[in-house]
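Peer 1: Take this sequence and fold it.
(chains A, B and C)
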Amino acid sequence: MDRGTAASPGTPHDHERASTPPPSRGSGRVALTPHPDRLLPPDPTRRGIARRLYDSVRDLPLISPHGHVEARLLATDEPFTDPASLLVTPDHYITRLLHAHGVPLPRLGLRDSADGAAPAAPREVWRTFCEHWHLFLGTASRGWLEAELHDVLGVTVQPSADTADELFDEITARLREPEFRPRALHDSFGIAALATTDDPADDLSHHAALADDPSWSGRVLPTFRPDRHLDATAPGWSAALDDLAAASGIDTGDYDGLVRALENRREHFRAHGATATDHSAPDARMAFLDRDRAQRLFAEVKAGTASAEDARLLSQQLLGEMARMSSEDGMVMALHTGSRRNHHPGTARRFGPDTGHDIPLQAEFTRALQPMLERFGTNPRFQTVLFTLDETVFSRELAPLAGFYPSVYLGAPWWFLDAPRAMHRFRDAVTETAGFYRNAGFIDDTRGFCSIPARHDTARRVDAAHLAGLVAEHVISEDDAAVVIRDLHDLQPKRAFRL
Amino acid sequence: MDRGTAASPGTPHDHERASTPPPSRGSGRVALTPHPDRLLPPDPTRRGIARRLYDSVRDLPLISPHGHVEARLLATDEPFTDPASLLVTPDHYITRLLHAHGVPLPRLGLRDSADGAAPAAPREVWRTFCEHWHLFLGTASRGWLEAELHDVLGVTVQPSADTADELFDEITARLREPEFRPRALHDSFGIAALATTDDPADDLSHHAALADDPSWSGRVLPTFRPDRHLDATAPGWSAALDDLAAASGIDTGDYDGLVRALENRREHFRAHGATATDHSAPDARMAFLDRDRAQRLFAEVKAGTASAEDARLLSQQLLGEMARMSSEDGMVMALHTGSRRNHHPGTARRFGPDTGHDIPLQAEFTRALQPMLERFGTNPRFQTVLFTLDETVFSRELAPLAGFYPSVYLGAPWWFLDAPRAMHRFRDAVTETAGFYRNAGFIDDTRGFCSIPARHDTARRVDAAHLAGLVAEHVISEDDAAVVIRDLHDLQPKRAFRL
Amino acid sequence: MDRGTAASPGTPHDHERASTPPPSRGSGRVALTPHPDRLLPPDPTRRGIARRLYDSVRDLPLISPHGHVEARLLATDEPFTDPASLLVTPDHYITRLLHAHGVPLPRLGLRDSADGAAPAAPREVWRTFCEHWHLFLGTASRGWLEAELHDVLGVTVQPSADTADELFDEITARLREPEFRPRALHDSFGIAALATTDDPADDLSHHAALADDPSWSGRVLPTFRPDRHLDATAPGWSAALDDLAAASGIDTGDYDGLVRALENRREHFRAHGATATDHSAPDARMAFLDRDRAQRLFAEVKAGTASAEDARLLSQQLLGEMARMSSEDGMVMALHTGSRRNHHPGTARRFGPDTGHDIPLQAEFTRALQPMLERFGTNPRFQTVLFTLDETVFSRELAPLAGFYPSVYLGAPWWFLDAPRAMHRFRDAVTETAGFYRNAGFIDDTRGFCSIPARHDTARRVDAAHLAGLVAEHVISEDDAAVVIRDLHDLQPKRAFRL
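Peer 2: The predicted model follows:
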């Protein structure tokens, strides 16, 4: 091992890690045949029950109330180009684990803004991915990818060094066929409703175009995601307020203006079909200062004379305003909190945000949400869906809160937790306290359009497996389980997100 | 949706939530037939073992070392009146989940002190409950209720809108029969010991009456629960001290007087058979100030000149005195900590405490208990039973503490956690570190007298299922498992609570 | 119960706890026959798969990259003397649980420095242990002990009061036979590599003796464990620096000297084959002050003029230096953090440290490690293995960190968590996020040389059982599972610890 040149702090290393090569068994030719009973329990009693429950919901229309697919995709209906651009480069579940095994991000197609060099071409990216396929064994991503490759793209052989090129050619050719265009896939997936995630300054022109298109019959809803306009601690906050002013035609130079501009854009979103807002924040705390105090706080933060603590307080105040607005306009407030963003600053500087190093933090909801729930928790207009990356709050805080407050819905296992075993743990943790009917159902939360059916299918299989366990232990009857599983994938997301 | 009238902050809404109606499938006529093997594992090997283990303890006498049934119930032996007053209105497991589905509390029989209006009559309450029966699917409450309705009350049809009235009439008639009077049920349940929870100012006259009654042969013990006398942060503290002074005949106007009055009342409780004290607090911290400091602190808090922090410190000091007294008089100190009481103040103001919105908090015991365990942890007179609402401390803190300190017993899964899957998680989390013999056994912790046998039966089934898993994996022998399950439901609660 | 003499605070009580006698069922004569399929799943489908997977790795050489066996044991090859000295007295897993059941530590062979009295003789210790054998039912220790007694020592009857003497005689005789000498056992266990844990001031003469011994062909590596030299909050710190100065020949009277002395000793350890350092600390925080600030801080702490907070900061700074040195010399940095040491000071004073009352604390890694990982997380020379006693961080923090940073490996379940159910929970918690190939494999972490094969065998059985579950649910193929389980017990520990 060469110990000659020490790395500088903060610098990611764009070469293979020489000292600990990842196991490289990614060769050979093995059939790709996802088992029809995958994720169902192995013993015959439970498998039989689970299979019947799964069959009863397998083909239900997909309701996707939260995700990161863009309306443009369906508005323009441009074809996908190749498997690397479709499945690898944009999916930070994939790129992060390859990075952890020493693969530099440019080899996965990410552009390094520090050197401006072109990243690897799609075929090279795909080869790298296929060589490392075995590293995903046991992960949620592997399950989704197997289903996407097999069920959506018709692939029948496992990715490996030996099959990479033929798969690249085969998938690339298929993506040019008309039935693999986004709109055709949308219909074949059976998507009944698809919520996008959009900036308040967005004009929603793609949503409007779809609504005006007589050849399009799907339902694509925007979601109001104002994070960058509320986060007064971020460098880009001032620019965000300018964008909001431009979009709303309202001066955002003082607190009242900002509030009115946000109300204006919520109205715009509702006019385009939005039923929900979505919020990311380090934690769930909200402030409810009086208007004068808020005005002064805004002025100080804007002027750059406030402390970091004050900027954080202003952000919490603005999140509190969102809750207040939801209690008036009825938009469901989805809270996705509890992550330290951009944990590795060197990677963020060079490759941007959302590159796989947002790392969860301990969550706390009981104290954090009390001031908000004191105000709006029993208000029939107000509704919130709580997501977490910290499983410990499921039984300790979220199920008890959702088991009392009519406004609180339990968000589905999310992000690192949207995986089969984690879903089982979620059901185990919350059902005994809150039953099934305080759940918001499943969200796919995906950037990968083709992963939508695979993710919903996984959730349905896991719910079938879970309910089969309860039926086999005579906790609930199979008749009741059949009603519950249908409600979990139809009624509950509609109730929770007011679709 | 009507957006005309915005709700005021802090106001609970006493009407159905118009926007998100709960699923209303609560009609029809379905048999109620709890399966004899419910909660036992489905595969034949484990079920066979579990059934044998369960059969060996199914009919053991019930030991109930902690609960909220009142001695008055058995002293007066007055009949229960109707199923709503028996099963719905007083059970905040039930009322909270119905409230979460938009049912206003007065419709469940709770009186709103704000308007003074009469709440719904029992038959109406029962109808509301029956219509929403399916919302309890998968909850612990559903399991207990099915067993109560079927095994205790002889009901053979599921509650639903269609069966509500006939069930109301049937159960009401049955409750008038002599064998459904409290004492008769007590005997048929096979209760060997029943601990109540009592205020230090209570004269324990009902306990005395039972002890003096030659027609009564049961064992009903008081438990010393001094929360309101120790919580110097609460508005009612001063009044509580006056009550204590009246009961003890000792002036509680200074710290020493309060301490002596508490000692006096503990003696009174021991004279009536008490073996334990019980404590609720936000966390498990105790203070051990010197007597002078404590005197001054008391005086300042009493005079209203102390900070909130000082009042909290005084409360911790008084809890520390309880530990010290236990180390001298041998009363077992049960700690039930970790909840934020009355999370929704508007509901507490109108409907009182214990209305379903005490919400758990993160727990910490390692640091919090260190000062107390340093003093009393190896003192053979001292004994404590630790309960938690935060599952994360089971393997991290509680099992390690109980695995070293002879004075520390692991409290059973409690409150939101006294449910089948949570009990399995508890055993999984603690047994590998602390074995079976540092457990305090099961407590039913119930306000519902008729749920006592159902709760103990659930615990016995779960322990049988759990041990059957260990036997089937050849971790312990079936002979050993048979000894363990008997000890868990007989020897261990007696050891832990010194019965 | 005698209430005459109150115990003084802080005093452990060296007599049986009169009030709550432990269940004493430890008599009789029962065969000891560990089942060949123990810990494998009971249903036939999974058991068949698990047995095949287990068989494929059962006889793999043992790699032990972290533990507390001493090199002296193998260098001198002195025979063990008796079962109490071998299995009971030095194992704080055993002594702590017996202590929790009221057995005073001197009766287990520990010397009380307060009275200087001789502890019980080995035969007495063994009798006490055998009488309490049933208290270990369900614990990890019981499983290891059964395997040690049966597989290593040839015992065929369970310990009990009735068999204690015959077992003592039988084992004592066996330990005198040549094939039970440490080196012979080392070979029969199939140990391929054994890392010890050593103080930086150690001259490593036993390691050198083994390396120079032509009759010895094993691999015994030292591990650099500098805790007492880095912990500036401990009373013994100054003496530790003196030892370091003596060992390195470098003056440790200022910060630069201490840093150079540590670098010098790391070099010494590497020259004797060390590949890793190991660190215990209350938490994982590290500081990276500039050199001037560090110099001044050191001087103040050394002079006794610094605050407790400053001493803690200096400790964090020194841990940060360890990370920096690892990024340069490539030694793997193993972090074992999150415990409150010596929770019961009275026991520590009389019986010393490591007597069973180190109690875990809440862990936090996301924030704590950020400054270090910002500097070294993507440095190809740097590598760290993270262990925890707080299971909540597995899915929330550790798997996400190891799923991005190439330098971060997931430490195996450790200490209270190195038990079958806890291992299953670990795999469930991390695999879906990080796959199998970010794991560091298994460490036995034992002081008990004869428990090494039992502990590795347990881990292999649990991994076989776990993978069989995934195969039976068609998540991975049996072919893939067979590769994974081999890698987990061969490739992964070698990669993680750079063996």
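
Peer 1: For the residue in the stretch 201-350 of chain A that chain C sits nearest to, grab the count of nearby residues.
Peer 2: Per Cβ to the nearest Cβ, A:Arg340 is where the stretch 201-350 of chain A lies closest to chain C, at 5.2 Å. (Each C-beta comes from the backbone N, C-alpha and C, glycine too.) A:Arg340 has 16 neighbouring residues, counting by other Cβ atoms under 10 Å in any protein chain shown.

Peer 1: go on, A:Arg447?
Peer 2: For A:Arg447, using other Cβ under 10 Å, the count is 16.

Peer 1: what's the distance between the residue of the stretch 201-350 of chain A closest to chain C and C:Phe404?
Peer 2: 12 Å (Cβ to Cβ, to the nearest Å).

Peer 1: Quick check: neighbours shared by these two?
Peer 2: Common contacts of A:Arg340 and C:Phe404, defined by Cβ atoms under 8 Å, 6 or more residues apart in numbering or on different chains, comprise A:Ile359.

Peer 1: quick one, what contacts the residue of the stretch 201-350 of chain A closest to chain C?
Peer 2: A:Pro282, A:Asp358, A:Ile359, A:Pro360, A:Leu361, C:Thr366, C:Arg367, C:Gln370.

Peer 1: so the second one touches A:Thr337, yeah?
Peer 2: No. When contacts are counted by Cβ atoms under 8 Å, A:Asp358 is not listed as touching A:Thr337 (11.8 Å).

Peer 1: so what pLDDT did the most centrally placed residue in chain A get?
Peer 2: Geometric centre of chain A, nearest residue: A:Asp445, 2.6 Å, by Cα atoms, centre = their mean. Per-residue confidence (pLDDT) for A:Asp445: 95.

Peer 1: same deal with the one 10 residues further on?
Peer 2: Among the per-residue scores, A:Arg455 shows a pLDDT of 98.

Peer 1: just A:Arg427 next, same as before
Peer 2: Looking at A:Arg427, the pLDDT reads 98.

Peer 1: A:Asp14 too?
Peer 2: A:Asp14 is given a pLDDT of 36.

Peer 1: Then A:Gly116?
Peer 2: 82.

Peer 1: Just want the phi and psi numbers for it.
Peer 2: Backbone dihedrals for A:Gly116, given as degrees, to the nearest 10, come out at phi 70, psi 0.

Peer 1: I'd like the distance between it and chain B.
Peer 2: 47 Å (Cβ to the nearest Cβ, to the nearest Å).

Peer 1: ditto for A:Leu98
Peer 2: Taking Cβ to the nearest Cβ, one finds A:Leu98 at 32 Å from chain B.

Peer 1: my guess is that residue contacts A:Phe129, does it?
Peer 2: Yes. At 7.1 Å, A:Leu98 counts as touching A:Phe129 under the criterion of Cβ under 8 Å.

Peer 1: Which neighbours do these two have in common?
Peer 2: Contacts common to A:Leu98 and A:Phe129, judged by Cβ under 8 Å, 6+ apart, are A:Leu108.

Peer 1: Neighbour count for these two, which is higher?
Peer 2: A:Phe129 (30 against 24).
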